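Visitor: Predicted model and sequence below, questions to follow.
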Amino acid sequence: MSEKIYRLAPEQCALLVVDIQERMMQAIPAREEVVKNAALLMKAANILQVPVLATTQYAARIGALLPEIQAELGGGIVPLDKLEFGCFDNGAIGEAVKRLPREINTIVVCGVETHICIYQTVLGGLLQGYRMWVPADGVASRVEKNYQTGLARISEVGGIVANTEMIIYEWLQKAGTPAFKAILPFIK
């Protein structure tokens, strides 16, 4: 069997929420979809005990995370600020990833912009040996062509492009569990 064929397991995953900030999101046509799906992934991650990391891009200039994203983080997770486009190029973020439990080999990345920070983060994660997943409905760019090109390039370099429900349902594996029942109201 190919090493490329595997199931997502919550205990092997982390969620990385990238740069969903007010000034950034004002320019994103798919803002509502990205925010809704990022929040849904964060809810599922919290229910399934998937570690969550969040970043901001130059917060002093672009601002804090959107309130609806910050609310899902709760008080225990502080967004890590960066100037680098790729999260793995930032020392503090790299250290935070290294502190994740050893069994984590897969990182799901949502946020903006697909062709810049998401692509460079996926590339950096792949170079560090992680499996990298991107929900197509949980990322966006200011321009549709940039979004499409970003997703294509992510696939070309070895990232997995899926969607939010695919990821969540693969984490769940079956209906009827307490986790399924806890997540279901948010998916309906």
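Guide: Arrived safely, thanks for sending. If you're wondering where the values come from, they're calculated on a predicted model, not measured in any experiment.

Visitor: how far out from the middle of the chain is the longest helix seen in the chain?
Guide: What stands out as the longest helix in the chain, according to DSSP state H, is helix 31-48. Helix 31-48 sits 9 Å away from the centroid of its parent chain (CA atoms, centre = their mean, to the nearest Å).

Visitor: Check which helices and strands that helix is in contact with.
Guide: strand 13-18, helix 22-25, strand 52-57, helix 67-73, strand 106-112, strand 139-140, helix 164-172, helix 178-187 (3 or more CB pairs under 8 Å, 6 or more residues apart in numbering; DSSP states H and E). (Glycine included, C-beta is placed from N, CA and C.)

Visitor: one more time with 7 Å
Guide: strand 13-18, helix 67-73, strand 106-112, helix 164-172, helix 178-187 (3 or more CB pairs under 7 Å, 6 or more residues apart in numbering; DSSP states H and E).

Visitor: tell me which residues in that helix are buried?
Guide: Buried residues in helix 31-48, counted by 16 or more other CB atoms under 10 Å: 31, 34-48.

Visitor: Quick check: beta-bridge partners of the most centrally placed residue in the chain?
Guide: For the chain, residue 109 is the residue whose C-alpha lies nearest the centre (CA atoms, centre = their mean; 2.4 Å). Beta-bridge partners for residue 109, by DSSP bridges, are residue 16.

Visitor: buried ones in stretch 77-93?
Guide: Within stretch 77-93, the residues that count as buried by 16+ other CB under 10 Å are 77, 79-82, 84-88, 90, 93.

Visitor: What about those, which are in strands?
Guide: Of the buried residues of stretch 77-93, the ones assigned to strands by DSSP state E are 80-82.

Visitor: so who does residue 154 touch?
Guide: 119, 122, 134, 161 (CB atoms under 7 Å, 6 or more residues apart in numbering).

Visitor: tell me which of these is nearest to residue 145?
Guide: Residue 145 has its nearest neighbour among those in residue 119, at 13.8 Å by CB to CB.

Visitor: Tell me, how many residues neighbour that closest one?
Guide: Counted with other CB atoms under 10 Å, the neighbours of residue 119 add up to 26.

Visitor: count of residues packed around the nearest residue to residue 144 once chain neighbours are set aside?
Guide: Spatially, and ignoring its direct neighbours in sequence, residue 144 is nearest to residue 29 (7.7 Å; CB to CB, 6 or more residues apart in numbering). Look at residue 29: counted by other CB under 10 Å, it has 13 neighbours.

Visitor: which stretch of helix or strand covers residue 29?
Guide: Here residue 29, judged by DSSP states H and E, is contained in no helix and no strand.

Visitor: Just the pLDDT for it.
Guide: Residue 29 is assigned 97 on the pLDDT scale.
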